[in-house]
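Student: coords below, sequence missing:
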C-alpha cells in the first residue's frame, strides 16, 4: 500500500527503537493535514502537534487524505474537484472514500511500527473515528480518539460526507458491548 504523510521521512529505521512514532489522522474539512502540520492557530485541530512535541524522541506524521492538500485533484483551472464527485464514484463502484484513507492510515501505522519502538495514533472527530477503527487492527501502544464515538450513535447516527461512510459491514464496532 501507499500512504502520504507530512513529516520528516526516515530512510533508515534502525536507530529509532526507543523513539515514538506518532500518526495524526485529520478530522473533516478542507486541507486539514497542512493546517495541522503548520500549526494553524485558526484551525480546530490547533494544539494537537504541540501536545506531542514535548514527548522526547517523538517523530510526528500527519496523514494526507485523498483529494486533500498536496494530493488534491484539479479540474485544470486551479479549482479542486469537489469531494462529492469522489465519494459518489467510490461508493457506486463498491469502494469507499473512508476505507481508502483508513487503509492508508493502516499502511502508515505499519511504517511507524517498523521504524519506531512505540506508536501513537491520534485524531479528532472524523479522524478520531478513523483512529478507533485503525487501532482495532494495528494495536498501537497508545490511541487517542477524541469526539469520535457517542452512545446515541447506536440508536441514531447522523452522517454526511464529513463522516466515515461505507462501513456497514463493521457496524459492530459502534456497538457499546463490543467497545
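Tutor: It's in. Predicted model, so just to flag it, every value in this text is computed and none were measured. Numbering: from 1, shown residues only.

Student: OK, contacts around residue 46?
Tutor: 39, 40 (Cβ atoms under 8 Å, 6 or more residues apart in numbering). C-betas here are computed from N, CA, C, even on glycine.

Student: Mind listing what's buried along the helix ranked longest in the chain?
Tutor: Ranked by residue count, the top helix of the chain under DSSP state H comes out as helix 97-115. Buried residues in helix 97-115, counted by 16 or more other Cβ atoms under 10 Å: 97-109, 111-113, 115.

Student: cool, stretch 35-47 as well?
Tutor: In stretch 35-47, counting by 16+ other Cβ under 10 Å, buried: 35, 36, 37, 43, 45.

Student: Relative to residue 69, how far out is residue 29?
Tutor: 11 Å (Cβ to Cβ, to the nearest Å).

Student: whoops, I mixed them up, residue 102
Tutor: Distance from residue 102 to residue 69, counting by Cβ to Cβ: 18 Å.

Student: that older thread, which one's more surrounded, residue 29 and residue 69?
Tutor: Between residue 29 and residue 69, residue 69 has the larger neighbour count (other Cβ atoms under 10 Å), namely 19 against 15.

Student: Against residue 93, how distant is the more buried one?
Tutor: Noted for residue 69: a distance of 24 Å to residue 93, by Cβ to Cβ.

Student: Can you tell me the SS state at residue 95?
Tutor: coil (DSSP: H, G, I helix; E, B strand; the rest coil).

Student: for this protein, which residue is closest to the average position?
Tutor: residue 25 (2.5 Å; Cα atoms, centre = their mean).

Student: List the contacts of it.
Tutor: 63, 101, 105, 121, 122, 123, 127, 128, 130, 131, 134.

Student: Just the pLDDT for the first one.
Tutor: The pLDDT attached to residue 63 in the predicted structure is 97.

Student: I'd assumed residue 26 was in contact with it.
Tutor: Yes - assessed by Cβ atoms under 8 Å, residue 63 is found in contact with residue 26 at 6.5 Å.

Student: okay, and the common contacts of the two?
Tutor: Common contacts of residue 63 and residue 26 (Cβ under 8 Å, 6+ apart): residue 33.

Student: what's in contact with the host helix or strand of residue 123?
Tutor: Assessed by DSSP states H and E, residue 123 sits inside strand 118-124. With contacts defined as Cβ under 8 Å, 6+ apart, strand 118-124 is touched by 19-27, 44-45, 48, 52, 58, 105, 109, 112-113, 129-131, 134-135, 138, 140-148.
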